[in-house]
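Novice: this one's structure only:
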Ligand SMILES: NC(=O)c1ccc[n+]([C@@H]2O[C@H](COP(=O)([O-])OP(=O)(O)OC[C@H]3O[C@@H](n4cnc5c(N)ncnc54)[C@H](OP(=O)(O)O)[C@@H]3O)[C@@H](O)[C@H]2O)c1
Ligand SMILES: NC(=O)c1ccc[n+]([C@@H]2O[C@H](COP(=O)([O-])OP(=O)(O)OC[C@H]3O[C@@H](n4cnc5c(N)ncnc54)[C@H](OP(=O)(O)O)[C@@H]3O)[C@@H](O)[C@H]2O)c1
């Protein structure tokens, strides 16, 4: 409950013996560790689509690792591998959940972002649920993060007017200059609602929901008839311990707006709802990268000891781009 | 605002001269007038998908009329016609919005219910948005009304477990006995939420929303992963003048539930979203009626002077079945 504190995390040293690798297994060394907002949910005992972590468990998460030794024919020493080892330096696995990225991937860490789970989230949520049409207005927050920045860029490719929302002037400028957003507003601005109305003179057709809270409040009155809302995340509430106080209960308001504007609101979890279509995403995104149609911003922080602070920062917007921890060098 | 009172309605006598029918027009006499909950929305100046009525306007609405005299080749004297003349005895029209039901339709009034707008609403909302699968649990309120009773019966045809909600014991018994609902609960029962949980041991997969309010509150915690909610109406709130007081604002709760359970919530207005598929509905429903697969309950009230009282009653559940006012005999 609440914002995670340093006391909620505990690092332990456990020795890994390369000899203990059994037939069919590989020993992996973590190079890049992905930090993602969803991890906060796993640290809670609230009911969710996924099992919560127990106290004492290793925190789960995607990672790019290198094979240190292998008794599995699918992997050889020195291969880069997309794995799910979580917050640990080394781990041994049978490798069923791993994807072999080969000996020389161009940017190994992209597998954690633009070419991985967050990229697929943006692609599927926007295109399969949001169904943006040329000329429509698309709004997305967390606009410089991996999901938001790609939602905006894909919407631009589809011919939409794209409004981003981000924390602070620097991020807003970046979203416009580098990612090509038409406008980007600061959610810390007290006049967010008024300014959003100004930059959306034709209303909002697709609101890709990353954050909830005040941003959603500002979006609500601007939603057009037949608007689509892919519900992807609500990071503004991940640390919340209780529902906001009234004065009024707006649940019936939201329901009656969805009805009278004939909107579609749909929640999704990319790994559960769209993972079978990963190939389509991967091919299209690779092509867009090659053709210079999309840009990608990573914030790579060195040192396993930074993990907790950076993760806490991610939930309140201290990151700038896809947050990745580099645990060690590519070659020991 | 608020519950409509008799003072909000005004009946006027205007004489209609058969000679004033121009070329291309018909003079229609209303026999059956449909009373529908949506009319309440048109009597409000709240923004909506449809234009509000102005004070002094004739209240709109579907009606089954007979042609009294015709200067339009598509209609001859004595034809039954589905029209939109609203709350008036006679009207003259060019007939573009009218459907000719012929001289001898089996049940002329069915065009206002099971074979018309409400029937199409149940069919499209359930099948195209709700997408019920055999074995799933479907919940619908206003279970003895034209929409709810058909939603339940169609869901039974599709092999679902169907739970109705209605006002009072008599309606609940009727829904089970005549419409074949597996269970039907009284929404006036203080223990509605507990009882609903009992009769939905496997949760709720499709909630067809007709009423909102306390019923939706009881449904919310029981919704399954991947549940679908066609938003059709919220009649419990049509007379409301303000949002319910807190203590908490559950708007973020609803949003985060839709996300974490990966639900789809979609509003629709049948005449705007599905009218082009009316033919499919009409054929299927006619077949089901012929084969005895669906039953239909009408409450026909004689006398134009009853219209206001009956309409007010409709909004609070005093009707029992599809409410129709009979203005006069089939033959004068
Ligand atoms: N459904 C799925 O399958 C799925 C998959 C991946 C990600 N997600 C969700 O997608 C969203 C974005 O994820 P990401 O990986 O791209 O993370 P991210 O954008 O790198 O990080 C989260 C961002 O949220 C913003 N934020 C934090 N508190 C906020 C607040 N109170 N109001 C407004 N913005 C706030 C911050 O950016 P600013 O400083 O710009 O505000 C922060 O950088 C998250 O909600 C995540 O849970 C969902
Ligand atoms: N979206 C569309 O295109 C469309 C088209 C047609 C109808 N609709 C909607 O569908 C719904 C049903 O319409 P209908 O024509 O079939 O009407 P109906 O069921 O004949 O009449 C409305 C019923 O709502 C129930 N009700 C009233 N207040 C309630 C409350 N506080 N809590 C629970 N139930 C309450 C009453 O039944 P009980 O006594 O059993 O509670 C009442 O009989 C309405 O919301 C209507 O607006 C939507």
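Specialist: Cool, the structure landed. This structure is a prediction, so every number in the text was calculated from the model and none was measured. Ligands and ions are numbered 1, 2, ... in the order given.
Novice: what about residue A:263, neighbour count?
Specialist: 22 (other CB atoms under 10 Å in any protein chain shown). C-beta coordinates here come from the backbone N, C-alpha and C atoms, glycine included.
Novice: ok, now which ones touch the nearest residue to it once chain neighbours are set aside?
Specialist: Nearest non-adjacent residue to residue A:263, counting by CB to CB, 6 or more residues apart in numbering or on different chains: residue A:227, 4.7 Å away. Listed by CB atoms under 8 Å, 6 or more residues apart in numbering or on different chains, the contact set of residue A:227 reads A:203-207, A:261, A:263-264.
Novice: and residue A:227, what element?
Specialist: strand A:223-231 (DSSP states H and E).
Novice: hey, which helix or strand in chain A has the poorest pLDDT?
Specialist: Within chain A, confidence by mean pLDDT, DSSP states H and E is lowest for helix A:39-42 among all helices and strands, at a mean of 90.
Novice: show residues contacting the helix or strand following that helix.
Specialist: Per DSSP H and E, the first helix or strand lying C-terminal to helix A:39-42 is strand A:63-70. If you take CB under 8 Å, 6+ apart as the criterion, strand A:63-70 is touched by A:18, A:21, A:25-34, A:75-86, A:90-91, A:101, A:108-109, A:111-112, A:330.
Novice: in PyMOL, select just the buried ones from these.
Specialist: Typed into PyMOL, the next command selects the buried ones out of these (criterion: 16 or more other CB atoms under 10 Å in any protein chain shown):
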select buried, chain A and resi 21+25+26+27+28+29+30+31+32+33+34+75+79+80+81+82+83+85+86+90+91+101+108+109+111+112
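Novice: anything in the least confident helix or strand of chain A near ligand 1?
Specialist: No. Applying CB under 6 Å from any ligand atom, one finds helix A:39-42 separated from ligand 1 by no less than 7.8 Å.
Novice: which residue ranges form the strands in the stretch 201-332 of chain A?
Specialist: Along the stretch 201-332 of chain A, counting by DSSP state E, counting those that start in this stretch, strands occupy A:204-208, A:223-231, A:264-267, A:298-302, A:322-326.
Novice: could those go into TSV alongside mean pLDDT and distance to ligand 1?
Specialist: Converted to TSV, those look like this (pLDDT from 0 to 100; distance: least, CB to the nearest ligand atom, whole Å):
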stretch	mean pLDDT	distance to ligand 1
strand A:204-208	98	9
strand A:223-231	98	8
strand A:264-267	98	7
strand A:298-302	97	9
strand A:322-326	97	6
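Novice: including distance to residue A:173, could these go into a markdown table?
Specialist: Converted to a markdown table, these look like this (distance: least, CB to CB, whole Å):
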| stretch | distance to residue A:173 |
| --- | --- |
| strand A:204-208 | 21 |
| strand A:223-231 | 26 |
| strand A:264-267 | 31 |
| strand A:298-302 | 16 |
| strand A:322-326 | 18 |
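Novice: out of the ones you listed, the one nearest residue B:243 is which?
Specialist: In terms of CB to CB, the element of these nearest to residue B:243 is strand A:223-231, at 17.7 Å.
Novice: which residue does the stretch 51-200 of chain A have closest to ligand 2?
Specialist: residue A:131 (21.3 Å; CB to the nearest ligand atom).
Novice: just list the residues touching that residue, thanks.
Specialist: A:206, A:228.
Novice: and the gap between it and residue B:266?
Specialist: 13 Å (CB to CB, to the nearest Å).
Novice: burial of the residue nearest to residue A:167 when sequence neighbours are not counted, as a residue count?
Specialist: Distances taken as CB to CB, 6+ apart put residue A:317 closest to residue A:167, at 4.0 Å, once the chain neighbours are dropped. Residues within reach of residue A:317, counting by other CB under 10 Å, total 19.
Novice: do the same with residue A:296
Specialist: Neighbour number of residue A:296 under other CB under 10 Å is 21.
Novice: didn't it look like it was pressed against residue A:113?
Specialist: Yes. Contact criterion CB atoms under 8 Å: residue A:296 and residue A:113 qualify, at 6.5 Å.
Novice: do you know how far residue A:46 is from chain B?
Specialist: Distance of residue A:46 to chain B, computed by CB to the nearest CB, to the nearest Å: 8 Å.
Novice: could you report the distance from the nearest residue to that residue once chain neighbours are set aside to chain B?
Specialist: Excluding the flanking residues, the one nearest residue A:46 by CB to CB, 6+ apart is residue A:52, at 7.5 Å. The spacing between residue A:52 and chain B, counted by CB to the nearest CB, is 12 Å.
Novice: show the pLDDT at the residue nearest to residue A:38 when sequence neighbours are not counted.
Specialist: Distances taken as CB to CB, 6+ apart put residue A:233 closest to residue A:38, at 7.4 Å, once the chain neighbours are dropped. Looking at residue A:233, its pLDDT is 97.
Novice: what's the burial count for residue A:233?
Specialist: Neighbours of residue A:233 (other CB under 10 Å): 27.
Novice: surely it meets residue A:211?
Specialist: Yes. Between residue A:233 and residue A:211 there is a contact at 7.0 Å, judged by CB under 8 Å.
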